[in-house]
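**Student:** I would like the atomic coordinates for the input below:
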Amino acid sequence: MTLEEPNGTAVAPDSKRGVGRRIAILLPDLRGGGAERVAITLAQGFAAAGFRPEFLLLAARGEYMPEVAGVFPVTVLPARRYLEVLPALIGHLRRDPPDALLAHMWPLTSIAPVAAWLARFRGRVVAVHHGQPRRSWRSRLVAALCLRFPVKVAAVSAGLACEIGRHAVLPTGRVVSLPNPFGPMRQPDSAAIARAEAAWRGTPKGGRILSVARLTPLKDQPMLLRALARMPASCRLMIVGNGSDEARLREMAAQLGLADRLILTGFLPDPTACYLTADVFALSSVSEGFGNVLVEALACGLPVVSTNCPFGPAEILGGGRYGRLVPVGDDAAMASALSEALADPGDAAMHKARAATYSVDAAVGRYADLLFAADAAGRAI
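**Tutor:** Numbering: from 1, shown residues only. Reported below is the predicted structural model:
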């Protein structure tokens, strides 16, 4: 069986202009996660550039659903389990083929190229990986097989691109790096700022530590609590997000005597007011494909302290130029770096300038080139 790139329609050299081309964005759902946020930001950027983005979901649910419903076309595939996604996606691509298919998140990144090939889909397929691949031999085998079908493979950081290439045994350079876009942050109104101030429970300026992440083991918030225990009693930690670890974190805070110094807000669709009222931002993850929240914090002028985890934080922070990096799991180093950042927050203008390098326009251009660019002979590449 020979797997060849499907013939595509030649496009004008200025492939960044959408001229009405339809881009289907494939996701499990629209829960409040980083990949979902990126997909919506891209959809908005695609629309502004003249493309017609649409969403293909396995379920019409999630905290971000209100941002998409009624704004972009949404199709829910008849697939309640991942085993049902392949035939459902084949059927959709045959009945109503878009001009390009953009698949986010494993295993959809592996299913999409197979479905497109079986459906004889003539558009480009791009599979975007947002996180470290599973270590199981089944995952490696599936990726190694499926990513050899006609597909452009991308990852949200250079380090992750290398890891995906090793995981799927792909040739060097086969996986391209597409950093996540950062959209303009909305300036919160006075009421939103007042709510954020109230959430800090009287914590004085100079001791407000913010983290924005799901409450899951991968984010390692217990390390942040241990770091907080090493810091002055005037410091409080606010974590914006929800997840399976909430009860564990509350119990741990009580055991460490930090119950009144930990603030859990739950998920907030727009945490900008929290960034603007904080003094320092902390990320304690064990692994991050990219780290959208680091860019958000920099855009608000905040000093940043992050674990030097694979793969995105060191790239975003320029190896430490734009923020402090500490070893994964090292609460003593985290506490020390947070104290240093509170005492010397650095140049807010430089932080904002760094965030601006991850613009939506730049990301849309890179994605458009990957989705629609043709070689000099007019063939899809």
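
**Student:** Show me the strands in this protein, by range?
**Tutor:** Applying DSSP state E to the chain gives strands spanning 22-27, 52-57, 74-76, 100-104, 124-129, 152-155, 175-177, 208-212, 236-240, 262-266, 280-283, 304-307, 324-326.

**Student:** would CSV of those with distance to residue 292, mean neighbour count and mean pLDDT be doable?
**Tutor:** (C-beta placed from N, C-alpha, C; glycine too.) What follows is the strands of the chain, written out as CSV (distance: least, C-beta to C-beta, whole Å; neighbours: other C-beta atoms under 10 Å; pLDDT from 0 to 100):
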stretch, distance to residue 292, mean neighbour count, mean pLDDT
strand 22-27, 15, 24, 98
strand 52-57, 19, 22, 98
strand 74-76, 22, 15, 97
strand 100-104, 13, 26, 97
strand 124-129, 14, 26, 96
strand 152-155, 14, 24, 94
strand 175-177, 15, 19, 94
strand 208-212, 9, 25, 98
strand 236-240, 13, 24, 98
strand 262-266, 18, 17, 97
strand 280-283, 10, 28, 98
strand 304-307, 12, 28, 98
strand 324-326, 17, 22, 98
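
**Student:** Now render the ones you listed as JSON lines, adding distance to residue 332.
**Tutor:** Listed next are the strands of the chain as JSON lines, based on distance: least, C-beta to C-beta, whole Å:
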{"stretch": "strand 22-27", "distance to residue 332": "39"}
{"stretch": "strand 52-57", "distance to residue 332": "43"}
{"stretch": "strand 74-76", "distance to residue 332": "47"}
{"stretch": "strand 100-104", "distance to residue 332": "37"}
{"stretch": "strand 124-129", "distance to residue 332": "33"}
{"stretch": "strand 152-155", "distance to residue 332": "32"}
{"stretch": "strand 175-177", "distance to residue 332": "33"}
{"stretch": "strand 208-212", "distance to residue 332": "16"}
{"stretch": "strand 236-240", "distance to residue 332": "16"}
{"stretch": "strand 262-266", "distance to residue 332": "19"}
{"stretch": "strand 280-283", "distance to residue 332": "14"}
{"stretch": "strand 304-307", "distance to residue 332": "13"}
{"stretch": "strand 324-326", "distance to residue 332": "9"}
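
**Student:** Residue 259 against residue 251, yeah?
**Tutor:** No: between residue 259 and residue 251 there is no contact under C-beta atoms under 8 Å: 9.6 Å.

**Student:** what about the chain, any weak spots by pLDDT?
**Tutor:** For the chain, the stretches flagged by pLDDT under 70 are 1-18, 374-381.

**Student:** can you rerun that using 80?
**Tutor:** Filtered on pLDDT under 80, the chain yields the residue ranges 1-19, 134-140, 184, 374-381.

**Student:** And the helices in the stretch 51-200 of the chain?
**Tutor:** For the stretch 51-200 of the chain, the helices defined by DSSP state H, counting those that start in this stretch cover 65-68, 85-95, 108-118, 137-146, 158-167, 190-199.

**Student:** Could you check these and tell me which one is nearest residue 327?
**Tutor:** Closest approach to residue 327 among the helices of the stretch 51-200 of the chain (C-beta to C-beta): helix 158-167, 16.4 Å.

**Student:** re earlier: out of the helices of the stretch 51-200 of the chain, the one nearest residue 342 is which?
**Tutor:** Across the helices of the stretch 51-200 of the chain, closest to residue 342 is helix 190-199 (C-beta to C-beta), at 18.1 Å.

**Student:** what about the closest one, distance to the chain center?
**Tutor:** Relative to the centre of its chain, helix 190-199 is centred 26 Å away, using C-alpha atoms, centre = their mean, to the nearest Å.

**Student:** so it versus strand 208-212, what angle?
**Tutor:** For helix 190-199 against strand 208-212, the angle by axes from the mean of the first three to the mean of the last three C-alpha atoms, to 10 degrees is 110 degrees.

**Student:** quick one: buried residues of helix 190-199?
**Tutor:** Neighbour-count burial for helix 190-199 flags 192-193, 196, 199 (criterion: 16 or more other C-beta atoms under 10 Å).

**Student:** Please name the spatially closest residue to residue 222 (chain neighbours excluded).
**Tutor:** Among residues not flanking residue 222 along the chain, residue 252 sits closest, at 5.8 Å (C-beta to C-beta, 6 or more residues apart in numbering).

**Student:** Quick check: the gap between that neighbour and residue 215.
**Tutor:** 12 Å (C-beta to C-beta, to the nearest Å).

**Student:** what do you get for residue 200?
**Tutor:** Look at residue 200 and residue 215: by C-beta to C-beta, they are 19 Å apart.

**Student:** follow-up on the earlier one: can you tell me which of the strands of the chain is nearest to residue 362?
**Tutor:** Here strand 175-177 is closest among the strands of the chain (C-beta to C-beta), at 12.8 Å.
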